[in-house]
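>>> need coordinates for the below:
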Amino acid sequence: MISAIGDRFAVHKFGVTVFETEDNEVPIDNWGLDDVVLARVRALTGTDPSIRKISYPRGAFEPFYNPKSRLLRDPGEDLPAIVRGITANANCERYLVVTRFKAQLPGTSLTVNGIGAYNRGLGSLVRHSHLFANISISLLDGRTYERIDRRMALLKATFADGMRLTEDPMTQLDNSLFPDPPATASGSAVLREKTRALVAAKLDLSLPAFLRDE
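Numbering: from 1, shown residues only. Okay, here's the model as predicted:
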């Protein structure tokens, strides 16, 4: 198992115009989000002893998250190539890889990056804050490093959540907890625990589709 989600927390502040938008990233190495991934995998597999966490050099996933070219991506920046590079001596049958991704807020053109919080509104009076956790799970063959397709199983697992008519209470964030300035995020124990809980909930929804044998 390889988790590459836990080293940074995105802080977005959206105003009426693009000129009022602020995007920041705060280091959160001490939050243990990658440990949350391992804990949820072990919990969902009955602490299977064959599952182990694979470490990797700091910055190994930087080419994946920030490729040099957005148009013609270097194959060496793709996930299979990066995983191959850090598992030369691992000899695993499969690799479960958990990463972050960028996504648009529903009904808007606003983009939020990975795991973090955003604050949006009109002026300083009518504003609301939310947490988000855009987490992607990939399963790679341990010999060929090709992706093992779990799209249909994942679609079934997440369908009910996608049909939610009310806002997920786990993503709601009181404005007083929104990190302003952004650098204060790493020191917030409440923000840390809320984020860890949201990540765990997201994983519990999606992981079973990747952990079952098919």
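>>> so who does residue 128 touch?
Taking CB atoms under 8 Å, 6 or more residues apart in numbering as the definition of contact, the neighbours of residue 128 are 119, 120, 121, 175. For every residue, glycine as well, the C-beta is placed using N, CA and C.
>>> the same query, at a cut-off of 10 Å, please.
With CB atoms under 10 Å, 6 or more residues apart in numbering as the criterion, the residues that contact residue 128 are 118, 119, 120, 121, 167, 172, 173, 174, 175, 178.
>>> now swap in residue 207 and tell me
The contact partners of residue 207, by CB under 10 Å, 6+ apart, come to 37, 40, 41, 43, 44, 45, 96, 98, 135, 137, 154, 157.
>>> ditto for residue 13
20-24, 117-121, 127, 129, 178-180, 182.
>>> how much space between it and residue 108?
With the distance defined as CB to CB, to the nearest Å, residue 13 ends up 14 Å from residue 108.
>>> do the same with residue 209
Counting by CB to CB, the gap from residue 209 to residue 108 is 28 Å.
>>> tell me the least confident of the contacts of residue 13?
Of all those, residue 20 carries the smallest pLDDT score, 78.
>>> how about it: what's its closest non-neighbour residue?
Spatially, and ignoring its direct neighbours in sequence, residue 20 is nearest to residue 14 (7.2 Å; CB to CB, 6 or more residues apart in numbering).
>>> now residue 1
Nearest-residue entry for residue 1: residue 96, 4.8 Å, with adjacent residues in sequence omitted and distances by CB to CB, 6+ apart.
>>> equivalent analysis for residue 90, please.
When the adjacent residues along the chain are set aside, residue 90 lies closest to residue 54, with 5.8 Å between them (CB to CB, 6+ apart).
>>> report pLDDT for residue 16.
Residue 16 carries a pLDDT score of 74 in this model.
>>> name the SS class of it, please.
Using DSSP: H, G, I helix; E, B strand; the rest coil as the criterion, the local structure at residue 16 reads coil.
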